[in-house]
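> Need coordinates for the below:
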Amino acid sequence: MKPIVSTTELEELKLKVDTSPLKIGGANFKTNVLLEVSSSKLVYKPSHGVAIFCFSFLAVGLGVLFFSILPIIKGSTQIMGTQWFLILFGLLFTGAGVFMFYNFYKPRVFDKQLGFYYKSYKLDPNQKSKNNKNKPIRLKSIKAIQIIGEHVSNDKGSFKSFELNLVLEDGTRRNVVDHGNLKAIIRDAERLSEFLNIPIWH
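From the prediction side, this is the model:
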């Protein structure tokens, strides 16, 4: 199959595309796995590492919440200041765990049959959102896969994180995944390149 745009047009587009990291930060472990659901659909799903990470927040939150309200369940009418703190702490961690589960488990789907890439539990081609990151993208508007490395530093140390971005026909980009497993990023880029018949730009 021939490319949907000429080599000259791709080279001109490449000169316009930003090569700085699109998403600041990232994870130092593999966060998503690219799976072939059918011959016309590829889907990113969370890795086991992400599941454990999210569950740890949820488990800590629910555990603290349970033990902080246990005296109330047993009939104690007086709530100490430390109990209120533990209740708020438990609610905070539980809420964070639920939010992370919802966000990380939100499918990232490349669907040839529908002709869209979308990150949501259900596709709505006419979705109106102030945030362009949530809008579905027509597959024919994706012209290249971009891989970018980033050195991330924080209080716990430093590590390398790698972005897999979609380059669109207007030169803008959309981040798909961002984690520290370069081999997985390259392998995913190759599969998407073949699936969409578009080049990879490192």
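> any low-confidence regions in the protein?
Scanning the chain with the threshold set as pLDDT under 70 gives 1-5, 75-81, 124-133.
> And the residue nearest the centre of it, how close does it get to residue 147?
When Cα atoms, centre = their mean is applied to the chain, the residue found nearest the centroid is residue 177 (4.9 Å). Distance check for residue 177 against residue 147: by Cβ to Cβ, to the nearest Å, it reads 11 Å. Backbone N, C-alpha and C define where each C-beta goes, glycine included.
> try residue 32
15 Å.
> Between the two, which has more neighbouring residues?
Higher neighbour count among residue 32 and residue 147: residue 32, with 24 against 16, using other Cβ atoms under 10 Å.
> The more buried one against residue 179, yeah?
Yes - applying Cβ atoms under 8 Å, one finds residue 32 in contact with residue 179, separated by 7.0 Å.
> so what are the domain limits for this structure?
Domain assignment for the chain, taken from automatic domain parsing, gives 7-46+113-201, 51-102.
> Confirm residue 174 sits in a strand?
Yes - with the criterion set as DSSP: H, G, I helix; E, B strand; the rest coil, the secondary structure at residue 174 is a strand.
> tell me the contacts of it?
Contacts for residue 174 were tallied using Cβ atoms under 8 Å, 6 or more residues apart in numbering; they are 117, 133, 137, 165-166, 168.
> Please render those residues as CSV that adds distance to residue 197 and secondary structure to the earlier fields.
As requested, the contacts of residue 174 are arranged in CSV below (distance: Cβ to Cβ, whole Å; DSSP: H, G, I helix; E, B strand; the rest coil):
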residue, distance to residue 197, secondary structure
117, 14, strand
133, 25, helix
137, 16, strand
165, 18, strand
166, 14, strand
168, 16, strand
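> Looking at those, which is nearest residue 74?
Closest to residue 74 out of those is residue 133 (47.0 Å), distances taken as Cβ to Cβ.
> I'd guessed residue 119 sits against residue 106; true?
Yes - taking contact to mean Cβ under 8 Å, the distance of 5.9 Å between residue 119 and residue 106 places them in contact.
> Tell me which of these two has more neighbours.
In terms of neighbours (other Cβ under 10 Å), residue 119 is the more surrounded of residue 119 and residue 106; the figures are 19 against 16.
> Enumerate the beta-bridge partners assigned to the more buried one.
With beta bridges defined as DSSP bridges, residue 119 has these partners: residue 108.
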